[in-house]
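K.L.:
Using only what follows, build the 3D model:
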Amino acid sequence: MRMKSLRVRTAALAVGAVAGVGIAVVPGAQALSGGTAVQNGAHQFLARLTTGTTAGCSGALIAPEFVLTAASCLPANPAEVRIAVGPVDLSTGAGHITTGAKIVRHAERDVAVVKLAAKAEGIAPLKLAATPLAAGETLKVAGFGRTATDWVPSRPRIAPFTVSALTATEAALTGDKDTCKGDAGGPAFRDGVEPQLVALNRTSWQHGCLLVDQPRKGSTETRVDDLKDWITRQIVPTPVKCEPVQLWSVRQNGDLHRYVHHDAATGGLSWSGGNAVGNGWFGRALAGTGNVLWDVHKRIDGNDAAGDGTLKRWVWNDGTWLGGGVVGNGFERYFTPEYKNRITVDSKGRLILIDDKGLLRYYEWDTTRDTWVDWGGKTLDTGWHRFDLITAAGDGVLYARKPTGELYRFQYDFATERFVQRDKPVGSGWNMFSEVFSPGGDTLYARGAWGKDPWGTGSVPVLRWYQHHDNTDTWEPGAADGTGRSIGSGWNTERTVTAQAGACGI
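P.N.:
Next up, the predicted model:
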C-alpha cells in the first residue's frame, strides 16, 4: 500500500534536505519489515489512517478525541481521513472506526494533530514524553505498514530500535529491520508501565520490506518529545477565567435588576443580588465592559426628553448611576423583535451590530475623551442579514445564529483588520432560545427554553450556561440532552437580559 503525500524523494533530494545535521540520510518510506504482531489488547493507542483506497499511514491516540501522526499523510479535508484505533484487526473489522473532524499541522515539523469525529472511549491514550530523548535509548516502533511478506497486515507490528543519533528535530534509529510504507506517522515510544511517545516514523531505507531490495538499514524519526506544550495546546481546552459577572435583567414593567454570577467560569450555581436598581428601561439594555450599561432608549412618556432610538451610556457606581446622557441616535430598530438580537458588545467594549443593509459594523467608545473614536463607525463585513442573532464572546469573537438554529463562530483581528476565523459551525438547535449573551471567554448564556430546574426536579424555564473551547473544538459538558447546564430558573418573562462584557477571558 502506498502512502499518500509521503514525499517520496530521490536520494539526492533527501541528502539536500538533511545534510549537515549529523543523521544518516535515508530515502522516503514507511512500515515494519521485522518485529512481531502486536498482541490482542496491547498498545491499543495505535492508529491506522487511510485516505481513499490507496493511501495509508499510522498514528497514535494521545487523548480520547485526538490522534498524532505525520502531517504529510493527511489531505486538506479531515473528513476524508478514516481512522481506526483500539483492538484494530483488518481481518475482522474490529476497532473503533471514525473519521477526522479537524487537522492542526505543526508549522515546522511533519507532525499533525487529528481530532476524531467520534471519541474513542475506553482506550488508554499514549502519554507524551516527560523527559528528552537521549542517544542510546531503546525504543519500540510500531505501525500498520507493509511487512516482509504482507502488503497490508491485519494487525500492527512492533519492533525494538536503538537511538543512534539525534538532532534538535530528528532521531536516527537502527535495528534488525526497518520501517516500511504505511508506517509513517506511527509512534516511537518508551515501553514501560506507562509508555511515552517520543517520535513519529518518517523515512527509512525499507530494508527487508516486501519487494524492496536494499542492503542498507536505518530509519529516521521526527522528534516530538519537545513538542509537549504545542501538542497540549491542541488537545487540552484552554482554561477560562472569570471575575464575578454582572447580569442585568429588564422586567416587562421596565424595572432593571442586577444579578451577580460568581462562578461563570465553571457554570456553577453561586448567585447574589437580584434587587431592582432602576426603572424605565423599555428599550434594549446592553452590558458593556466593567460597570457600563448601554440603553437603546425607548421613550417612556410625553415627559421623556430622550426620543425613541437614542443611545444612552450609563455607569453603575456601587449603588448609584453616573452618566446617562444621550451619545447617539437612530438605534430604534434594535428594540424591535427583528433586530433586538442583532446588536452586542465585545470584551473590549466595541458596540457591534448588523444594520438594515446586512452590514456588520462597529462603534468604539473612547473612555479617556468620553466620546466616540469614530462617530460614523466602521464596516467589518457584508451579508450578515442571514443571521438573526449575534453575541460577542471575546475580543473580536462573535457567535452568529441563523433563523434555522445553526450557530457559527467568527473572530476578527482588529490589529490586522481581517477575519482570522469565519463561518465555523459550532452547533445547531439554537433557535430554541429567545436570547443568547456572553461575558466573554467563549462562555454563553441562553434563555427562553425549558429544562430541568437546577434546584428541583421539575421542568421549568431555565437560564443555560455553555462554554466553547475553540482550540479543541469542544464544548464543556452540559445536560444529558446536550443543551448546556441549567444555572437558573424563571428567566423567560424578561424583556431582555445582558451580561457584563469582558468579565471572562482566556
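K.L.:
alpha carbons only for contacts and neighbour counts from here, please
P.N.:
Fine.
K.L.:
in this protein, what spans have low per-residue confidence?
P.N.:
Applying pLDDT under 70 to the chain flags residues 1-35, 53-55, 147-151, 205-208, 210-214, 479-481.
K.L.:
Outline the domain layout of it.
P.N.:
Following automatic domain parsing, one gets these domains for the chain: 11-232, 244-505.
K.L.:
so which of the ones you listed comes closest to residue 238?
P.N.:
domain 244-505 (6.6 Å; C-alpha to C-alpha).
K.L.:
Pull the distance from the closest one to the chain's centre.
P.N.:
22 Å (C-alpha atoms, centre = their mean, to the nearest Å).
K.L.:
what about it, start to end distance?
P.N.:
With C-alpha to C-alpha, to the nearest Å applied, domain 244-505 spans 12 Å between its terminal residues.
K.L.:
try stretch 296-315
P.N.:
Using C-alpha to C-alpha, the end-to-end distance of stretch 296-315 comes out at 14 Å.
K.L.:
Buried residues in it, which are they?
P.N.:
296-300, 306-315 (16 or more other C-alpha atoms under 10 Å).
K.L.:
from those residues, which single one is nearest residue 388?
P.N.:
Looking across those and measuring by C-alpha to C-alpha, the closest to residue 388 is residue 296, at 18.1 Å.
K.L.:
I'd guessed that closest one sits against residue 313; true?
P.N.:
No: using C-alpha atoms under 8 Å, residue 296 is not in contact with residue 313; the gap is 9.0 Å.
K.L.:
follow-up on the earlier one: comparing the domains of the chain, which comes out most buried?
P.N.:
Across those, averaging neighbours per residue (mean count of other C-alpha atoms under 10 Å) puts domain 11-232 on top, at a mean of 21.
K.L.:
Tell me how far that domain lies from the chain's centre.
P.N.:
Here domain 11-232 is found 25 Å from its chain centre; the criterion is C-alpha atoms, centre = their mean.
K.L.:
ok, back up a step: with distance to residue 238 as extra columns, can I get the domains of the chain in JSON lines?
P.N.:
Below are the domains of the chain laid out as JSON lines (distance: least, C-alpha to C-alpha, whole Å):
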{"stretch": "domain 11-232", "distance to residue 238": "9"}
{"stretch": "domain 244-505", "distance to residue 238": "7"}
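K.L.:
Just the element for the closest residue in space to residue 117 that isn't next to it in sequence, please.
P.N.:
Leaving out its chain neighbours, the residue that sits closest to residue 117 by C-alpha to C-alpha, 6 or more residues apart in numbering is residue 101, at 4.9 Å. Assigned by DSSP states H and E, residue 101 belongs to strand 94-105.
K.L.:
Indicate each strand paired with whichever helix or strand comes after that strand and its parallel or antiparallel sense.
P.N.:
Proceeding N to C from strand 94-105, the next assigned helix or strand is strand 112-116, under DSSP H and E. Sheet partners assigned to strand 112-116 using DSSP bridges are listed as strand 66-69 (antiparallel), strand 94-105 (antiparallel).
K.L.:
closest one to residue 195 among the ones you listed?
P.N.:
With C-alpha to C-alpha, the closest approach to residue 195 among those belongs to strand 66-69: 14.9 Å.
K.L.:
how about the CA coordinates for the closest one, as CSV?
P.N.:
Coordinates of each C-alpha in strand 66-69 appear next as CSV, following Å, rounded to 0.1, in the frame of the first residue of the first chain:
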residue,chain,number,x,y,z
PHE,A,66,-7.1,13.1,19.2
VAL,A,67,-4.5,11.2,17.2
LEU,A,68,-0.9,12.4,16.5
THR,A,69,0.5,11.5,13.1
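K.L.:
Identify those among the buried residues of stretch 296-315 that sit within strands.
P.N.:
Counting by DSSP state E, the part of those found in strands is 296, 311-315.
K.L.:
How about residue 307, nearest residue that isn't a chain neighbour?
P.N.:
Per C-alpha to C-alpha, 6+ apart, closest to residue 307 is residue 299, 5.4 Å.
K.L.:
okay but that neighbour is in contact with residue 284, surely?
P.N.:
No: contact status for residue 299 versus residue 284: not in contact, 11.5 Å apart, counting by C-alpha under 8 Å.
K.L.:
Let me know the closest of the buried residues of stretch 296-315 to residue 160.
P.N.:
The closest of the buried residues of stretch 296-315, once distances to residue 160 are taken by C-alpha to C-alpha, is residue 315, at 67.9 Å.
K.L.:
what separates the closest one from residue 294, distance-wise?
P.N.:
Residue 315 is 9 Å from residue 294, by C-alpha to C-alpha.
K.L.:
Pretty sure residue 79 sits in a helix.
P.N.:
Yes: according to DSSP: H, G, I helix; E, B strand; the rest coil, residue 79 belongs to a helix.
K.L.:
picking that back up, show residues contacting the strand holding residue 101.
P.N.:
With contact meaning C-alpha atoms under 8 Å, 6 or more residues apart in numbering, strand 94-105 is reached by 71, 78-89, 111-118, 120, 234.
K.L.:
If we use 6 Å, what do you get?
P.N.:
With C-alpha atoms under 6 Å, 6 or more residues apart in numbering as the test, strand 94-105 has contacts from 78-79, 81-88, 112-118.
K.L.:
Would you format the ones in strands among the buried residues of stretch 296-315 as JSON lines with distance to residue 95 included?
P.N.:
Shown next, in JSON lines, are those (distance: C-alpha to C-alpha, whole Å):
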{"residue": "296", "distance to residue 95": "57"}
{"residue": "311", "distance to residue 95": "60"}
{"residue": "312", "distance to residue 95": "61"}
{"residue": "313", "distance to residue 95": "59"}
{"residue": "314", "distance to residue 95": "60"}
{"residue": "315", "distance to residue 95": "59"}
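K.L.:
which of the residues you listed lies closest to residue 124?
P.N.:
Of all these, residue 315 has the smallest distance to residue 124: 52.5 Å, by C-alpha to C-alpha.
K.L.:
Residue 407 reaches residue 429, doesn't it?
P.N.:
No: look at residue 407 against residue 429 with C-alpha atoms under 6 Å: they stay out of range, at 8.1 Å.
K.L.:
Go ahead and confirm the residue nearest to residue 307 touches residue 309.
P.N.:
No: between residue 299 and residue 309 there is no contact under C-alpha under 6 Å: 8.3 Å.
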